[in-house]
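*Asks:* I'll drop the sequence and a predicted model, then ask my questions.
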Amino acid sequence: MANITIVDQNNKEVGKRELNPAVFGLESDAGFVHRVYASLASAQRGGTSKIKSVAEVSGGGKKPFKQKGTGRARQGTTRAAQMRHGGTAHGPQANTAFDSRINKKERRRAMCMVLSDCVRDGKLTVVDKLELAEIKTKAFVDIMANLKASTGLFVLAESNDNIELSGRNIPNTKVILDGQVSMHDLLKSKHVILTAAAVDSLEERLS
């Protein structure tokens, strides 16, 4: 079972805790994580590409030439897919779905693997709580400096306007609630800072 040091927002040790191995102690499986991540990323595509099928291309109401006697292959319309300026067969439609089937257990397991990698790579920090007396970006930057995180993902268990609004204008830094954690955010962030309460929520939800 993995142990981690809990610090305050000044980076002073205030205790230690054991992390749930079912959430923070799984072995790496890069292929599995990539498959789940690729599926989730593909599902975000909007499906904005659209072609015109034979039925949607204008013109072509008249048969271009008679059926027999010309020596040419028979044609019913000048807007067929094989004709110049014709429609496109089997092209993308605006309602095309790009997501593949990934079940809930697979998504949960992949999330736990990414969190486990964060612990192994030393980029996960647990703080007892994050508090600010007012909305002030400079004060939030000072907390980041104390935690030695020039950028990072800050995860709270409960909404805190002073923290969330103070951190929203800092480049490559994001403040979210534990229910909003995504694989994309965890993978791209150099530092992941969780409050102790957020760790409890994640362990309860993912274990």
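*Replies:* In hand now; what should we look at?
*Asks:* assign residue 14 to helix, strand or coil.
*Replies:* strand (DSSP: H, G, I helix; E, B strand; the rest coil).
*Asks:* that one: neighbour count?
*Replies:* Using other C-beta atoms under 10 Å, residue 14 has 13 other residues around it. Heads up, the C-betas are built off the backbone N, CA and C, glycines and all.
*Asks:* what about it, distance to residue 59?
*Replies:* 76 Å (C-beta to C-beta, to the nearest Å).
*Asks:* list the residues that contact residue 28.
*Replies:* Residues near residue 28 by C-beta atoms under 8 Å, 6 or more residues apart in numbering: 113, 116, 117, 120.
*Asks:* repeat for residue 109
*Replies:* Contacts of residue 109 (C-beta under 8 Å, 6+ apart): 26, 32.
*Asks:* helix or strand: which one has it?
*Replies:* Element membership for residue 109 (DSSP states H and E) is helix 104-120.
*Asks:* alpha carbons only: can I get that helix in CSV?
*Replies:* In CSV, the C-alpha atoms belonging to helix 104-120 read as follows (Å, rounded to 0.1, in the frame of the first residue of the first chain):
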residue,chain,number,x,y,z
LYS,A,104,-17.6,2.1,-17.3
LYS,A,105,-15.3,-0.4,-15.6
GLU,A,106,-12.6,0.1,-18.3
ARG,A,107,-12.8,3.9,-18.0
ARG,A,108,-12.5,3.6,-14.2
ARG,A,109,-9.6,1.2,-14.4
ALA,A,110,-7.7,3.4,-16.9
MET,A,111,-8.3,6.5,-14.6
CYS,A,112,-6.9,4.6,-11.6
MET,A,113,-3.8,3.5,-13.7
VAL,A,114,-3.2,7.2,-14.6
LEU,A,115,-3.5,8.2,-10.9
SER,A,116,-1.2,5.4,-9.9
ASP,A,117,1.4,6.6,-12.5
CYS,A,118,1.1,10.1,-11.0
VAL,A,119,2.1,8.7,-7.6
ARG,A,120,5.0,6.6,-9.0
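*Asks:* list the buried residues of that helix.
*Replies:* Buried residues in helix 104-120, counting neighbours by 16 or more other C-beta atoms under 10 Å, are found at 107, 109, 110, 111, 112, 113, 114, 115, 116, 117, 118, 119.
*Asks:* following it, which helix or strand shows up next?
*Replies:* Proceeding N to C from helix 104-120, the next assigned helix or strand is strand 124-127, under DSSP H and E.
*Asks:* show residues contacting that next one.
*Replies:* Taking C-beta under 8 Å, 6+ apart as the rule, strand 124-127 contacts 4-9, 17, 115, 118, 147, 149, 191-196, 199.
*Asks:* what about the helix holding residue 109, distance to the chain center?
*Replies:* 13 Å (C-alpha atoms, centre = their mean, to the nearest Å).
*Asks:* so which of the contacts of residue 28 is the closest to residue 25?
*Replies:* Checking those against residue 25 with C-beta to C-beta, the nearest one is residue 116 at 5.8 Å.
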